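Engineer: Here is the input, now give the coordinates:
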Amino acid sequence: MEDGLLELPKGWAWSKLGGIALIQGGFAFKSKDYKNNGMPLLRISNIKDHKVTFEEDTVFLDKNFVQEYSDFLIGKGDILIALSGATTGKFDVYEKDETALLNQRVGQIKFYSKSLISSRFIFHYMGIIRRKILSQAYGMAQPNISTKELGEFAIPLPPLPEQHRIVAKIKELFTKLDAGIEALKKIKAQLKCYRQAVLKYAFEGKLTQEWRETNKGKIEPASVLLEKIKEERKKDAKGKFKELTPVDTSELPELPEGWVWIAFSQLISPLKNSIKRGPFGSTVKKAFFVEKGFKVYEQQNAIYDNPRLGNYYISQDKFNELIGFVVKPGDFIVSCSGTIGKITQLPHNAERGIINQALLKLTIDSRLVAPKFFLECFRSDQFQTKLLKETRGSAIKNINSVEDIKIIPVALPPLVEQQKIVEEIDSRLSIADEVEKVAEQSFKQSERLRQSILKQAFEGKLVPQDPTDLPAAELLKQIKKEREAPVCQQAGRRHLGKRRKIDLSATGRKEFKK
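Structural biologist: Residues are numbered from 1 along each chain as shown. You can find the predicted model right below:
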């Protein structure tokens, strides 16, 4: 057929997708015509995770629209694909008995003869060429799939009975794979629960209960250390020390012996700017960024627990101007807008820089709290629950006031017990980490196996061939006859009712008067 195409098994044939199907975009129906019932309108938001669903975000049109816009009716067996936007490239076979109308930004692959082509077979092959489809879509300023380019993709077509055998075998093997993936998902969910259970027991003192009994009388209570540090802070403050309001423990649980309830602010270093929300967005604009200089730490660093992400820098002058927002190795940064409460610690070799507006900087007093203990405590469900209660904002949650965080109560063990708690956490969570690594590897292996199954399928190696099957070349001849039948018999013929012309495009159809 075309140069560069691989040789196919006997009885197979190459065909362009546009040679076996009409490929078109939907119509730009107006929102003022939307109803609460009637004919469902399939919009781009109805294609989710490669599934077409009307379970949510569904609108309807009056059934009178069907006659005027019959070209945009979706039938069982059509393949639908998101043509633009965040979901570009997601596709599925429409398997519903309920007819629907097609909105703009959704593409429809309607086969000229559904009796001669297996929709599900073509669907699986689109899984093979999806990367190529997306590379073309994202090669533009805005992701956009052209229906014309879709029609140019070459499809390896086996005889019809073999198409059905291949689809059945893929379904059988994918069902087993999916069962394994579901089991892996359950393992990951259980690991998450296990991690939080470990942290819960740790910060309730249960992991070190026996250790405390063994070392009874040998451990300096946290309250004693707290008083010592308080006196040191008074001396350093030179008469400007501000006494903190004691924590109200009336509704807090009883703590193990030697532990004490303190306000979060007491864990913070008394040095200036030790707890600081990032500058206003207008203070750190992209216009200020330079190729090399001082790093601007972003929210992604805290969310992904990776201080090395990002490549935004500011000049020496801008750095000096924003000196109050400087972070250094050992400091903690916390995401405080949208996704809030994610935390990471800057390593000893961290780049010198500042935080942006979506981060909170914390410098702890390591005389009172061990850094790893602080990190795990902050990540625990107990603390995160309290933190979320103190957030403000409606659509997007925000940590707007540092004062709200300062008053959160924290259970503080003796310093030596903090180290023991960290050891106990590490020993337990390291096992969970290993199990999760195995699970992640299994996820990747299952995806590779899925692709291997598809590769074998479209090389003609997945199921046995039957020499008595009608060759695909004959199928294509029959499809061509049906395609060249009178216009009134063609699937998806252009509708010109009411003297309306329609301009076809990748993302939809735009009306204009004759």
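
Engineer: make it CA atoms for all contacts and neighbour counts henceforth
Structural biologist: OK.

Engineer: Pop the domain breakdown of this structure in here.
Structural biologist: 13-159+470-513, 165-219+423-463, 220-413 (automatic domain parsing).

Engineer: JSON lines for these, including distance to Leu5?
Structural biologist: Formatted as JSON lines, the domains of the chain follow (distance: least, Cα to Cα, whole Å):
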{"stretch": "domain 13-159+470-513", "distance to Leu5": "8"}
{"stretch": "domain 165-219+423-463", "distance to Leu5": "12"}
{"stretch": "domain 220-413", "distance to Leu5": "41"}
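
Engineer: Switch the ones you listed over to JSON lines; also include mean neighbour count and mean pLDDT.
Structural biologist: Listed next are these as JSON lines, based on neighbours: other Cα atoms under 10 Å; pLDDT from 0 to 100:
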{"stretch": "domain 13-159+470-513", "mean neighbour count": "18", "mean pLDDT": "83"}
{"stretch": "domain 165-219+423-463", "mean neighbour count": "15", "mean pLDDT": "94"}
{"stretch": "domain 220-413", "mean neighbour count": "17", "mean pLDDT": "88"}
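
Engineer: The closest residue to Leu207 other than its chain neighbours and Ser15: what is the separation?
Structural biologist: Counting by Cα to Cα, 6 or more residues apart in numbering, Tyr201 is the residue found nearest to Leu207 once chain neighbours are left out, at 5.9 Å. Distance, Tyr201 to Ser15, using Cα to Cα, to the nearest Å: 63 Å.

Engineer: before we move on, back to that, and the residue nearest to Leu207, which of the three is it?
Structural biologist: helix (DSSP: H, G, I helix; E, B strand; the rest coil).

Engineer: can you give me the strands for the stretch 401-514 of the chain?
Structural biologist: Secondary structure of the stretch 401-514 of the chain by DSSP state E, counting those that start in this stretch: the strands cover 409-412, 500-504, 509-513.

Engineer: er, the stretch 1-150 of the chain I mean
Structural biologist: Listed in chain order, the strands of the stretch 1-150 of the chain (DSSP E, counting those that start in this stretch) span 13-16, 21-25, 39-42, 47-48, 51-52, 59-61, 73-74, 79-82, 91-93, 100-102, 106-111.

Engineer: Out of these, which gets nearest to Leu475?
Structural biologist: strand 13-16 (9.4 Å; Cα to Cα).

Engineer: Which residues does that closest one contact?
Structural biologist: For strand 13-16, the surrounding residues in contact (Cα atoms under 8 Å, 6 or more residues apart in numbering) are Met1, Gly151, Glu152, Phe153, Ala154, Ile155, Pro156, Leu157, Pro158, Ala472, Ala473, Leu476.

Engineer: With only the CA atoms kept, save it in CSV.
Structural biologist: Extracted in CSV, the C-alpha atoms of strand 13-16 (Å, rounded to 0.1, in the frame of the first residue of the first chain):
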residue,chain,number,x,y,z
ALA,A,13,-4.3,-5.9,4.2
TRP,A,14,-3.3,-2.3,5.0
SER,A,15,-6.0,0.3,4.9
LYS,A,16,-6.1,4.0,5.9
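
Engineer: what pairs with that strand, and is each one parallel or antiparallel?
Structural biologist: strand 154-157 (antiparallel) (DSSP bridges).

Engineer: Pull the residues that contact the strand it pairs with.
Structural biologist: Leu8, Trp12, Ala13, Trp14, Ser15, Lys16, Leu17, Ile122, Tyr125, Gln163, Phe458, Ala472.

Engineer: Tabulate those (CSV), appending distance to Ile354.
Structural biologist: Below are the contacts of strand 154-157 laid out as CSV (distance: Cα to Cα, whole Å):
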residue, distance to Ile354
Leu8, 59
Trp12, 62
Ala13, 61
Trp14, 58
Ser15, 57
Lys16, 55
Leu17, 53
Ile122, 52
Tyr125, 49
Gln163, 59
Phe458, 53
Ala472, 64
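
Engineer: Among these, which one sits closest to Pro414?
Structural biologist: Out of these, the member with the shortest distance to Pro414 (by Cα to Cα) is Tyr125, at 62.0 Å.

Engineer: Against Phe29, how distant is the closest one?
Structural biologist: 31 Å.

Engineer: what do you get for Ala179?
Structural biologist: 40 Å.

Engineer: now swap in Lys328 and tell me
Structural biologist: Applying Cα to Cα to Lys328 and Phe29 gives a distance of 55 Å.

Engineer: Could you do Tyr194 as well?
Structural biologist: Taken as Cα to Cα, the span from Tyr194 to Phe29 is 50 Å.

Engineer: likewise Phe280?
Structural biologist: According to Cα to Cα, Phe280 stands 41 Å off from Phe29.

Engineer: looking at the strands of the stretch 1-150 of the chain, which is closest to Ile275?
Structural biologist: That would be strand 47-48 among those, by Cα to Cα, at 41.4 Å.

Engineer: what's the spacing between that closest one and its chain's center?
Structural biologist: A distance of 14 Å separates the centroid of the chain from that of strand 47-48, by Cα atoms, centre = their mean, to the nearest Å.

Engineer: What are the contacting residues of that strand?
Structural biologist: Here strand 47-48 has contacts from Thr53, Ile81, Ala82, Thr87, Lys90, Phe91, Asp92, using Cα under 8 Å, 6+ apart.

Engineer: Out of these, flag the one nearest to Gln108.
Structural biologist: Nearest member of these to Gln108, counting by Cα to Cα, is Ile81, at 6.6 Å.

Engineer: thinking the closest one is in contact with Gln108, fair?
Structural biologist: Yes. Using Cα atoms under 8 Å, Ile81 is in contact with Gln108, at 6.6 Å.

Engineer: What sits closest to Phe443 if chain neighbours are left out?
Structural biologist: Ile181 (6.8 Å).

Engineer: wait, I meant Glu417
Structural biologist: In this structure, Glu417 finds its nearest non-sequential neighbour in Thr208, 7.6 Å apart by Cα to Cα, 6+ apart.

Engineer: What are the neighbouring residues in contact with that neighbour?
Structural biologist: So Thr208 contacts Ala202, Glu417, Lys420, Ile421, Glu424 (Cα under 8 Å, 6+ apart).

Engineer: how near is it to Ile262?
Structural biologist: From Thr208 to Ile262 the distance is 20 Å (Cα to Cα).

Engineer: again, but for Gln67
Structural biologist: When Gln67 is compared with Ile262 (using Cα to Cα), they lie 72 Å apart.

Engineer: Same check on Pro159?
Structural biologist: For Pro159, the distance to Ile262 - Cα to Cα - is 75 Å.

Engineer: do the same with Asp78
Structural biologist: 63 Å.

Engineer: hang on, the earlier thing: now the contacts of Thr208 as JSON lines including distance to Ala100?
Structural biologist: Shown next, in JSON lines, are these (distance: Cα to Cα, whole Å):
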{"residue": "Ala202", "distance to Ala100": "55"}
{"residue": "Glu417", "distance to Ala100": "65"}
{"residue": "Lys420", "distance to Ala100": "63"}
{"residue": "Ile421", "distance to Ala100": "59"}
{"residue": "Glu424", "distance to Ala100": "58"}
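
Engineer: just those residues now: which is nearest Glu403?
Structural biologist: When the contacts of Thr208 are compared against Glu403 (criterion: Cα to Cα), the nearest one is Ala202, at 26.8 Å.

Engineer: list the contacts for that closest one?
Structural biologist: Thr208, Ile421, Glu424, Ile425.

Engineer: my guess is the third one contacts Leu207, does it?
Structural biologist: Yes. Glu424 is within contact range of Leu207, at 6.8 Å (criterion: Cα under 8 Å).

Engineer: still on that earlier bit, any chance of the contacts of strand 13-16 in a markdown table, with distance to Lys216 too?
Structural biologist: Below are the contacts of strand 13-16 laid out as a markdown table (distance: Cα to Cα, whole Å):
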| residue | distance to Lys216 |
| --- | --- |
| Met1 | 84 |
| Gly151 | 78 |
| Glu152 | 78 |
| Phe153 | 75 |
| Ala154 | 76 |
| Ile155 | 75 |
| Pro156 | 76 |
| Leu157 | 78 |
| Pro158 | 78 |
| Ala472 | 83 |
| Ala473 | 86 |
| Leu476 | 86 |
